[in-house]
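Student: coords please:
(chains A and B)
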Amino acid sequence: MYKGRNVSAIAEEDAACVRSILAGRPERFRELVERYQDRVFAILSRYERDRGRVEDMAQDVFVKAWRHLKKFDPLKAPFENWLSRIATNAALNHVRAEKPFREQVPISQLGKGALEWLQQEDNSAPLEAMEAREILNRCMANLTPDEQLILTMAEIEGRTSPEISELTGKAAGTIRVALHRAKQKLADNLTRLQESL
Amino acid sequence: MKDNYPKLEKLFRAAREAPGVAPPETFADQVMSQVTPSSADNVITIDFLLPKLAWAAAFVMAAFLTSEVIMNTNGLPSLTAGTDQLASAWDSELDTAIITP
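Tutor: Model prediction:
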């Protein structure tokens, strides 16, 4: 719908939509939901695979956006970034809540494909996306929630350090250091996981 | 541990391909029903509140009448008499204020 259109024009349209909602036309919030639901689901899907839970989280994100709409300042950031930040916070809270459970998942619960890939010397065999997610989740379990978030945003969502900085509110330098440390820990965990098989 | 970095890259590359969850067609409706209560919801709220308000009003009236009857039976000044007394006191205050500006 918005492909090929000027980004600032979309941002201006979003800002106008927010102004209109705040001026007494709440039904226009639907436009924002329909425009950004894919974006929010894409962010949240990186942290949770269960469809129902992703839906619940996405609803919470939009309800939160609705409640804090007065705080949205188009001069600071476009609506998409502001909403993505809310979704990122929701993802971080989710990772925090899930951490104790993920740490307890035994190796035996990894799927057959994932186990076979890990047991190979050179890991040259193709790996299914879901199996890769399983292995990564297992290896990330003892990383801090912040490290998990930064790693996912950088390596899976493909975001740059300045983008992550904007979404998390942390300095870009801090992000780069945390990312480096998180990758080291992840590599260590992968080695340990392979040795334990 | 750097030996494992190429393996990590393979994991990341594969994980990027994982399909995300798509929003259901009714998602916008679900959100809108949460953020903007519809007029149907308002009717339901009124429907729910009105009987309770009616019962509360009936209870206050019954309590008033009961106390009136009990006070009359025991020869005590009734609530009505008390209200009359207050009203006449208020009237005389008002008269005084008007007469002596």
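
Student: Quickly check: the longest helix belonging to chain B near chain A or not.
Tutor: In chain B, taking DSSP state H as the definition, the longest helix is helix B:39-73. No. Helix B:39-73 lies apart from chain A when judged by C-beta under 8 Å from any C-beta of the partner chain; the minimum separation is 12.1 Å. For the C-beta atoms, the positions are set from N, CA and C on the backbone; glycine is no exception.

Student: what comes up buried for that helix?
Tutor: Within helix B:39-73, the residues that count as buried by 16 or more other C-beta atoms under 10 Å in any protein chain shown are residue B:71.

Student: and the angle from the helix or strand just after it to helix B:39-73?
Tutor: Counting by DSSP states H and E, the next helix or strand C-terminal to helix B:39-73 is helix B:79-99. Angle of helix B:79-99 versus helix B:39-73, following axes from the mean of the first three to the mean of the last three C-alpha atoms, to 10 degrees, is 100 degrees.

Student: Run the chain-centre distance for helix B:79-99.
Tutor: 37 Å (C-alpha atoms, centre = their mean, to the nearest Å).

Student: do the same with stretch A:51-70
Tutor: Worked out by C-alpha atoms, centre = their mean, stretch A:51-70 lies 14 Å from the chain centre.

Student: tell me which residues in it are buried?
Tutor: Those would be A:54, A:55, A:57, A:58, A:59, A:60, A:61, A:62, A:65, A:66, A:69, for stretch A:51-70 by 16+ other C-beta under 10 Å.

Student: Give me the below-cutoff pLDDT ranges for chain B.
Tutor: For chain B, residues meeting the criterion pLDDT under 70 lie at B:1-3, B:37-48, B:77-78, B:97-101.

Student: And the worst-scoring helix or strand of chain A on mean pLDDT, what does it pack against?
Tutor: Every helix and strand in chain A was compared by mean pLDDT, DSSP states H and E; the lowest is helix A:112-119, with a mean of 84. Contacts defined by 3 or more C-beta pairs under 8 Å, 6 or more residues apart in numbering or on different chains; DSSP states H and E place helix A:112-119 against helix A:129-140, helix A:172-195.

Student: List the buried residues in it.
Tutor: In helix A:112-119, counting by 16+ other C-beta under 10 Å, buried: A:113, A:114, A:117, A:118.

Student: How about stretch A:93-101?
Tutor: Under 16+ other C-beta under 10 Å, the buried positions of stretch A:93-101 are A:94, A:95, A:98, A:99.

Student: Nearest to residue A:178, out of those residues: which one, please.
Tutor: residue A:95 (14.1 Å; C-beta to C-beta).

Student: The closest one contacts residue A:46, doesn't it?
Tutor: No. Using C-beta atoms under 8 Å, residue A:95 is not in contact with residue A:46, being 10.2 Å away.

Student: follow-up on the earlier one: closest to residue B:29 out of the helices and strands packed on helix A:112-119?
Tutor: Of all those, helix A:129-140 sits nearest to residue B:29, with 30.0 Å by C-beta to C-beta.

Student: So which bits of that closest one are buried?
Tutor: For helix A:129-140, by 16+ other C-beta under 10 Å, it's A:130, A:131, A:132, A:133, A:134, A:135, A:136, A:137, A:138, A:139, A:140.

Student: So which of the buried residues of stretch A:93-101 are in helices?
Tutor: A:94, A:95, A:98, A:99.

Student: Sweet, I'm off.
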